[in-house]
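Asks: give me the fold of what follows.
(2 chains)
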2 protein chains.
Amino acid sequence: MSEPVQAVAERDVLDEDDGISPHLLGSVRAALAAEDRDRLLRELSDLHQSELGRLLERLTPFERTALVDFVGADFDYSALTEVDEAIRLDILQTLSSERVAQALGTLESDDAVYILEDLPEDTRNAVLEHIPFAERLRLRRALEYPAETAGRRMQTEYVAAPPYWSVAQTLDYLRSDPNLPDRFSEIFVVDPRFRLMGSVALPNLLRASTRTLIETFVDPDPQAIAAEMDQEEAARLFERYDLLSAAVVDEDGRLVGVLTIDDIVDVIQSEADEDIRLLGGVGDEELSDTVAQITRSRFSWLLINLATAILASLVIDMFDATIQQMVALAVLMPIVASMGGNAGTQTMTVAVRALATRDLTIHNAWRVVRRETTVSCLNGALFAVLIGLVASVWFSSTALGLVIAAAMIINMLAAGLAGILIPLLIDRAGADPAIASGTFVTTVTDVVGFFAFLGLATLFFT
Amino acid sequence: MSEPVQAVAERDVLDEDDGISPHLLGSVRAALAAEDRDRLLRELSDLHQSELGRLLERLTPFERTALVDFVGADFDYSALTEVDEAIRLDILQTLSSERVAQALGTLESDDAVYILEDLPEDTRNAVLEHIPFAERLRLRRALEYPAETAGRRMQTEYVAAPPYWSVAQTLDYLRSDPNLPDRFSEIFVVDPRFRLMGSVALPNLLRASTRTLIETFVDPDPQAIAAEMDQEEAARLFERYDLLSAAVVDEDGRLVGVLTIDDIVDVIQSEADEDIRLLGGVGDEELSDTVAQITRSRFSWLLINLATAILASLVIDMFDATIQQMVALAVLMPIVASMGGNAGTQTMTVAVRALATRDLTIHNAWRVVRRETTVSCLNGALFAVLIGLVASVWFSSTALGLVIAAAMIINMLAAGLAGILIPLLIDRAGADPAIASGTFVTTVTDVVGFFAFLGLATLFFT
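Replies: Below you'll find the predicted structure:
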């Protein structure tokens, strides 16, 4: 106690890449090989669930099962919420339903639901049968809410008090009830029918005199979240109002659980990840997925791209006579298409993110469309001059320079318009603009790029 | 108090798109036009800072200035942390340095720093001169830490106690000191030289008996964050250990501030945003930027793309004789390049995100490279068959089908390798792989695609 604490980096758990340190990994492997349970427990004892999760990911499937088996009841099953789904299912299927049920009993309800929701339905039911009645009821209720809603993500352990309790009574309750969660940042105030009346932030409770009644300093207007609310919408509420936790209420306003910021951080992270992956043309894949799974999921995206690429080729094929006359067109045409594709992607990226963060709405859409059009015209003009000069010099033809310059302006303008209008239309239609915008935008810029360039060349040179 | 609270959606502040409701906007505009200060204050009174920020963004520049001016000292300046940088600077430059200094005095230190850091240096110094000495010193210290570090983001208001205090003494202190922050989730325990000894989470303080000494239940090993730590690294610590707040310490282990989860949520959001924008080829632009700013920032990305597109054209130019002989090559060549570009982007997206979340490290890089290569070969083979059949039928030439099939396999393999190796190399070199990976990967797939297809065709057909 007399020495100041060490920063986390100085513990020998993670290396500078945030991976498990070679020392720890070696020691755990040695303990496993020697079947030295004491040493293994010692190594694992001060690991946080996320570190244990990372360690599991580094072990072979065989080592993982051996470790869970060997550590037995002392294993911290919350680590399973930190590993890839494939690894989690892998570990769980080596355990009996009774063991899984016992393991879930040691977890907070949101972690238990997180693990249960990915299990095949019959395994899930078998596990639930071994969970005590009251707990099973709560888990089943959370599982009944649709995936990715507040009700599915919430924790059913929370602290609630009636408004007529004094601070002293509330503190007594906190000290005496062993079933309360370890971590909470507010106390919910409920009426006799358990309808939410308000909340008390812990700092306010600490500052109040012990004889004060709860109702005198309750915040009557906390952010309550409907259990059916989409987790992404709930995350926006947390961000907007800087919440640490929020009550989850059913359709009658009754308190059913609490959403905490750590779950919301995961939601924010995974929603941003989802946007990046969708824009990059990859689906919901994880690093631990098998080659077959990945090949299949990427195949469908590439198949759509093949169709649009063939569409662009059909456009080129319309002008095969012109190309035969003037091969320079074949040399230059990818430049027009590529510049349009990049400019369109720029605009689309801004639009997709602004839609996701709700910075782009119907109210400012017109202003943004106008702005993107102006930017496209300006950059179109600049690059028209540049590529016009390059083409004139390269192929010693001013006419060719003028044709490619004109095609560039047309395609950059098309890129700007497609980049903003396509995401807006997809959003209006109720779909996620990150999914399909990219394909549509590059299809437009390929088709317009080839058509404008080869079409103008045909008019000019034949 | 007898009625349960309303969910936030039922307040008439935001519409379903999370924009300011037309009713509120109209009412604020009417109050501004009528110079009705009472009505204006009534409309603004129960707005959260983020809602006020959103409202400011919907007003015209003229209305904004009028509103801030009109509301005067009652204006909630924390709303300025919620608006685009351009709007913030716009509002601030209409105010005198004294007024800005007064405004900052009403804010928490992290919000004050956030506003100060974007000001031009002379304005910033002028404002700082009007801030009381002690506060100015704290702000200057935070501003001295580099941008995007924990020291820059931290709040300098926190609750600290010595280890020999009893719980009762600590509670007395909390009740009596008016300068403590409104919101905090832990109390830091420090030695006489203010070195961090540990922390006490509020639920533990609430549960302890009032005569207990703080030192008996302090957590001696909290996650302490060095003031120089990059905010992104700090965010990872918060995520990994599910923190609500963390002590920020200087190089001597002395407590200098606290980082809270709401700041970290903003960091996580903006780092993910940055990755998406970089992958989409747009820099640090905001919806409120001017057309000139946006055109300039996008121009440089497009210029790089122009260079790589010309490089690809030079490759095509090498085979102009072959194309002249067989125009079908010009028609088909974009398909090979486009499929490679898409497959490379898929792999690159996965790699860039896995590097950002530290799921991809030196330890599993080899496994991931092998996996990506296998996926590329499989999808390459599948699409080789598909496009081979299409080309054979379209141009009635089995030889052409075989050539494009072979080129497709080669380019898909190149795409997979480039998609994983380029981000890994950029990361090893210490740069952000999101910045340049896209350009390099599509350059590789364009060059390899055109070269393989036209080169094989030249070998076969001439």
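Asks: which helices and strands sit right next to the host helix or strand of residue A:434?
Replies: Counting by DSSP states H and E, the element that carries residue A:434 is helix A:433-461. On a contact count with 3 or more Cβ pairs under 8 Å, 6 or more residues apart in numbering or on different chains; DSSP states H and E, helix A:433-461 meets helix A:261-279, helix A:291-317, helix A:320-325, helix A:328-356, helix A:398-428, helix B:328-356. Where C-beta positions appear, they are placed from N, C-alpha and C, glycine not excepted.
Asks: okay, and the helix or strand of chain A with the least pLDDT?
Replies: helix A:261-279 (a mean of 86; mean pLDDT, DSSP states H and E).
Asks: and it, how far out from the chain's middle?
Replies: In this view, helix A:261-279 has its centroid 2 Å away from the chain centroid, taken as Cα atoms, centre = their mean, to the nearest Å.
Asks: and the angle for that helix with helix B:433-461?
Replies: Orientation check (axes from the mean of the first three to the mean of the last three Cα atoms, to 10 degrees): helix A:261-279 against helix B:433-461 gives 20 degrees.
Asks: what are the structural domain limits within chain A?
Replies: A:8-148, A:160-261, A:291-461 (automatic domain parsing).
Asks: ok, back up a step: let's see the least confident helix or strand of chain A as CSV, backbone CA atoms only.
Replies: Provided in CSV are the C-alpha atoms of helix A:261-279 (Å, rounded to 0.1, in the frame of the first residue of the first chain):
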residue,chain,number,x,y,z
ILE,A,261,-22.3,1.7,-21.1
ASP,A,262,-19.9,-1.3,-21.4
ASP,A,263,-22.5,-3.2,-23.5
ILE,A,264,-23.1,0.0,-25.5
VAL,A,265,-19.4,0.5,-26.2
ASP,A,266,-19.5,-3.0,-27.8
VAL,A,267,-22.6,-2.1,-29.8
ILE,A,268,-21.0,1.2,-31.1
GLN,A,269,-17.8,-0.7,-32.0
SER,A,270,-19.6,-3.5,-33.8
GLU,A,271,-22.0,-1.1,-35.6
ALA,A,272,-19.0,0.9,-36.9
ASP,A,273,-17.3,-2.4,-37.8
GLU,A,274,-20.4,-3.5,-39.7
ASP,A,275,-20.4,-0.3,-41.8
ILE,A,276,-16.7,-0.8,-42.6
ARG,A,277,-17.2,-4.4,-43.6
LEU,A,278,-20.3,-3.7,-45.7
LEU,A,279,-18.5,-0.9,-47.5
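Asks: so it versus helix A:328-356, what angle?
Replies: 160 degrees.
Asks: phi, psi of residue A:19?
Replies: Main-chain dihedrals, residue A:19, degrees, to the nearest 10: phi -90, psi 170.
Asks: low-confidence regions, the stretch 101-250 of chain A specifically.
Replies: For the stretch 101-250 of chain A, not a single residue meets the criterion pLDDT under 70.
Asks: where do the strands of it begin and end?
Replies: Counting by DSSP state E, counting those that start in this stretch, the stretch 101-250 of chain A has strands at residues A:160-161, A:186-190, A:196-201, A:224-226, A:245-249.
Asks: quick revisit: and the least confident helix or strand of chain A, what does it pack onto?
Replies: Where contact means 3+ Cβ pairs under 8 Å, 6+ apart, helix A:261-279 is packed against helix A:231-241, helix A:328-356, helix A:433-461, helix B:231-241, helix B:261-279, helix B:328-356.
Asks: nearest spatial neighbour of the closest residue to chain B within the stretch 301-450 of chain A, skipping sequence neighbours?
Replies: Residue of the stretch 301-450 of chain A nearest chain B, by Cβ to the nearest Cβ: residue A:349 (2.6 Å). Distances taken as Cβ to Cβ, 6 or more residues apart in numbering or on different chains place residue B:280 nearest to residue A:349, at 2.6 Å, with adjacent residues excluded.
Asks: so who does the one you found touch?
Replies: A:279, A:345, A:346, A:348, A:349, A:350 (Cβ atoms under 8 Å, 6 or more residues apart in numbering or on different chains).
Asks: so the residue of the stretch 301-450 of chain A closest to chain B sits right up against residue B:278, yeah?
Replies: No: in terms of Cβ atoms under 8 Å, residue A:349 does not count as a neighbour of residue B:278; the distance is 9.3 Å.
Asks: what about those two, which has more around it?
Replies: Taking neighbours as other Cβ atoms under 10 Å in any protein chain shown, residue A:349 and residue B:278 compare with residue A:349 leading, 25 against 21.
Asks: which of the helices or strands spans residue A:259?
Replies: Going by DSSP H and E, residue A:259 is part of strand A:255-260.
Asks: quick one: that strand to helix A:231-241, angle?
Replies: Counting by the same axes, to 10 degrees, strand A:255-260 lies at 70 degrees to helix A:231-241.
Asks: just give me the residue right at the centre of chain A.
Replies: Nearest residue to the geometric centre of chain A (Cα atoms, centre = their mean): residue A:270, 1.4 Å.
Asks: burial check on residue A:200, number of neighbours?
Replies: Residue A:200: 23 neighbours (other Cβ under 10 Å).
Asks: close enough to count as contact, it and residue A:214?
Replies: Yes: between residue A:200 and residue A:214 a contact is recorded at 6.3 Å, counting by Cβ under 8 Å.
Asks: get me the contact residues on the stretch 101-250 of chain A for chain B.
Replies: A:163, A:171, A:174-175, A:182-185, A:191, A:195-198, A:201-203, A:205-207, A:209, A:215, A:218, A:220-226, A:236-242, A:244, A:249 (Cβ under 8 Å from any Cβ of the partner chain).
Asks: are any of the residues you listed buried, and which?
Replies: Buried members of these, counted by 16 or more other Cβ atoms under 10 Å in any protein chain shown: A:163, A:171, A:174, A:183-185, A:191, A:195-198, A:201-203, A:205-207, A:215, A:218, A:220, A:222-226, A:236-242, A:244, A:249.
Asks: which residues in the stretch 101-250 of chain A form helices?
Replies: Ranges of helices within the stretch 101-250 of chain A are A:109-117, A:121-129, A:133-144, A:150-153, A:167-176, A:202-207, A:231-241, based on DSSP state H, counting those that start in this stretch.
Asks: how far does the longest one sit from the chain's center?
Replies: This points to helix A:133-144. Chain-centre distance of helix A:133-144: 26 Å, with Cα atoms, centre = their mean.
Asks: cool, the second one as well?
Replies: In terms of Cα atoms, centre = their mean, the centre of helix A:121-129 is set 28 Å apart from its chain centre.
Asks: how far away is residue A:385 from residue A:379?
Replies: 11 Å (Cβ to Cβ, to the nearest Å).
Asks: rewinding a little: let me have the helices and strands packed on helix A:261-279 in a markdown table, extended by distance to residue B:33.
Replies: Shown next, in a markdown table, are these (distance: least, Cβ to Cβ, whole Å):
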| stretch | distance to residue B:33 |
| --- | --- |
| helix A:231-241 | 28 |
| helix A:328-356 | 30 |
| helix A:433-461 | 37 |
| helix B:231-241 | 42 |
| helix B:261-279 | 35 |
| helix B:328-356 | 48 |
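Asks: tell me which of those helices sits nearest to residue B:438.
Replies: Nearest of the helices and strands packed on helix A:261-279 to residue B:438, taken as Cβ to Cβ: helix B:261-279 at 5.9 Å.
Asks: now do that closest one against helix B:291-318, angle only.
Replies: Using the same axes, to 10 degrees: helix B:261-279 against helix B:291-318 is 40 degrees.
Asks: helix B:261-279 vs strand B:245-249, what angle?
Replies: 80 degrees.
Asks: list the buried ones in helix B:261-279?
Replies: Result for helix B:261-279 [16+ other Cβ under 10 Å]: buried residues B:261-279.
Asks: quick one: contacts for residue A:382?
Replies: Residue A:382 makes contact with residue B:299, according to Cβ under 8 Å, 6+ apart.
Asks: may I see the buried residues of the helix or strand where it lies?
Replies: Assigned by DSSP H and E, residue A:382 falls within helix A:365-394. Neighbour-count burial for helix A:365-394, counted by 16+ other Cβ under 10 Å, picks out A:365, A:368-369, A:371-373, A:375-384, A:386-388, A:390-392, A:394.
Asks: thank you, goodbye.
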